[in-house]
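> sharing a sequence plus its predicted fold:
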Amino acid sequence: MIWLRRNRKYTRWSEKRHVLFERRLMLVAFQVRSLLERPKVSQAARETACPAFRYKKIGNRPFTVSGGGWPHDRFEMDNPQPVSLPVLTVCNQLIHYYWMQTLTNNRSFELMLVFSDYERHKWAYEIQIVDLLEMFQVFAADSSALTSARLEWNEKRQDYVVAPHGKLEALRD
């Protein structure tokens, strides 16, 4: 997370810097999704969302990286729809991206256009990097962690289940 903030602005652009930035975004998304799949974060962190714009896929021709065209040829780029993407959706878009492009302005990564292999026939998402980093910062903060939990024996699993207070019923099976 610190690396992403520090390297969002750069003094000299290179393809390597671009690739490293995109790779780190994907790794952080994987770490956050891993936390979400376990009872390790607070409910407030789970409900975090990221503002974005989405663009509807147009036509019946699929977007393929080896085929002709760019996203502006296959999506309604002149008709952005504001949307609030849940954190899990953002993570899945980054982890399973079919197309990801970060855009720069004044030597700073400003926004990204991304769509996963699952949604490439439906939507493309434009996310501001500052909003993405702010969403990830929620998980880096101490307040995102559980503050209390309890252990209870689960007969079906034949093991103890760690449960945050009030969440045990969802973890029984």
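Great, that's in hand.

> in this structure, where is pLDDT below threshold?
Applying pLDDT under 70 to the chain flags the ranges 1-13, 67-69, 142-149, 163-173.

> at 80 instead, please
Residues of the chain meeting the criterion pLDDT under 80: 1-15, 17-18, 21, 39-40, 62-70, 104, 107-108, 141-150, 162-173.

> longest helix in this protein, please.
helix 15-36 (DSSP state H).

> show me how far the very next helix or strand once past that one is from its chain's centre.
Using DSSP states H and E, the helix or strand that follows helix 15-36 in sequence is helix 43-46. The chain centre lies 15 Å from the centre of helix 43-46; the measure is Cα atoms, centre = their mean, to the nearest Å.

> buried residues, the next helix or strand after helix 43-46. List them.
Next helix or strand after helix 43-46 toward the C-terminus (DSSP H and E): strand 49-56. Using 16 or more other Cβ atoms under 10 Å as the test for burial, strand 49-56 gives Cys50, Ala52, Phe53, Arg54, Tyr55. Any C-beta I mention is one placed from the backbone N, CA and C, and that applies to glycine too.
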